[in-house]
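Engineer: A structural model of the following input is requested.
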Amino acid sequence: MALVGAIIGATSRGWINDAYGCKKATLLVVVVFTTGLIVMAVAPDPYMLILGRLLIGLGVGISSVTASIYIAEVSPSEVRGGLVSTNVLMVIGGQFLSYLVNLAFMWN
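Structural biologist: Sure thing, here's the model as predicted:
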């Protein structure tokens, strides 16, 4: 379900960024992430857990581009490319690290 939420978030992120701007869209993502986290933490049944995963995926989809756009807007031109590239590198590095942790748990 997180993937479905990410697809919905990624397709709607353009409208959200245009309507609210990158800074407010980023704050909205924080609210969505927090809501999804709370829903998953107190989920009494699998359906609530799925709803929390959907909300987390929605936040991931919106923030995937919003963060890069915001960094590009507020950074000085001489370091803009490096900062955006570093952001993308950290996201990919985090995904790789999570796969390594998953691999370690699979071997045990």
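Engineer: can you check the pLDDT for the nearest residue to residue 16 once chain neighbours are set aside?
Structural biologist: Of all residues beyond its chain neighbours, the one nearest residue 16 is residue 25 (5.0 Å), with distances taken as C-beta to C-beta, 6 or more residues apart in numbering. For glycine as for every other residue, the C-beta is placed from the backbone atoms N, C-alpha and C. For residue 25, the model assigns a pLDDT of 88.
Engineer: low-confidence stretches in this structure?
Structural biologist: Within the chain, the stretches with pLDDT under 70 are 108.
Engineer: center of it, which residue is that?
Structural biologist: residue 60 (2.2 Å; C-alpha atoms, centre = their mean).
Engineer: what's the first helix or strand after the helix or strand hosting that one?
Structural biologist: Secondary structure assigned from DSSP states H and E places residue 60 in helix 46-74. Past helix 46-74, further along toward the C-terminus, the next helix or strand under DSSP H and E is helix 80-107.
Engineer: specify the angle between that next one and helix 46-74 in degrees.
Structural biologist: Between helix 80-107 and helix 46-74, the angle comes out at 150 degrees (axes from the mean of the first three to the mean of the last three C-alpha atoms, to 10 degrees).
Engineer: would you mind listing the buried residues in helix 80-107?
Structural biologist: Of all the residues in helix 80-107, those buried under the rule 16 or more other C-beta atoms under 10 Å are residue 84.
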